[in-house]
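Enquirer: pasting the sequence and the predicted coordinates here, then a few questions.
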Amino acid sequence: MIQLIIIVFNLIFSPTEEYFHFIYKAENCILLYKYEEASKDYETAFSFEEMPFLKDVHNALICSIKCNDTTRIKLFVSQFSKFNLSK
């Protein structure tokens with residue numbers, strides 16, 4: 001019975017759904033000019049997804065720059081290394 005509950009729980013709360021939950025939350029914070037909170041939500045979202053969307057990493061970096069949060073700036077810049085970007 002417990003295994004069934006765990007399986008259902010994993011289906012309902014998949015990492016991808018959690019990723020999008022925190023991304024949407026972060027985007028709402030941006031609309032309300034709550035950049036610090038948005039930056040935290042992006043960081044949480046990225047913990048659920050190995051390869052986040054490039055636009056999300058970009059938005060996260062902008063939020064952390066607006067907050068002057070050097071720790072998160074370094075974290076989000078390191079996320080860009082996952083992408084094959086040219087100049």
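Expert: Looks like it came in fine. Residues are numbered from 1 along each chain as shown.

Enquirer: quick one: the residue nearest to F83 when sequence neighbours are not counted from E18, how far?
Expert: Spatial nearest neighbour of F83, excluding adjacent residues (CB to CB, 6 or more residues apart in numbering): L54 at 5.8 Å. In this view, the C-beta of every residue, glycine as well, is placed from N, C-alpha and C. Using CB to CB, to the nearest Å, we find L54 at a distance of 19 Å from E18.

Enquirer: and for L85?
Expert: 26 Å.

Enquirer: the two: which has the busier surroundings?
Expert: Using other CB atoms under 10 Å, the more surrounded residue of L85 and E18 is E18, with 15 against 8.

Enquirer: show me what the longest helix seen in the chain is packed against.
Expert: The helix that spans the most residues within the chain, counting by DSSP state H, is helix 15-31. Judged by 3 or more CB pairs under 8 Å, 6 or more residues apart in numbering; DSSP states H and E, the packing partners of helix 15-31 are helix 35-46, helix 54-67.

Enquirer: just send those helices back as CSV, with distance to K74 and mean pLDDT too.
Expert: Formatted as CSV, the helices and strands packed on helix 15-31 follow (distance: least, CB to CB, whole Å; pLDDT from 0 to 100):
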stretch, distance to K74, mean pLDDT
helix 35-46, 12, 95
helix 54-67, 9, 95
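
Enquirer: still on that earlier bit, relative to helix 54-67, how tilted is the longest helix of the chain?
Expert: Per axes from the mean of the first three to the mean of the last three CA atoms, to 10 degrees, the angle that helix 15-31 makes with helix 54-67 is 40 degrees.

Enquirer: got the angle between helix 15-31 and helix 35-46?
Expert: Computed by the same axes, to 10 degrees, the angle between helix 15-31 and helix 35-46 is 170 degrees.

Enquirer: no further queries at this time; thank you.
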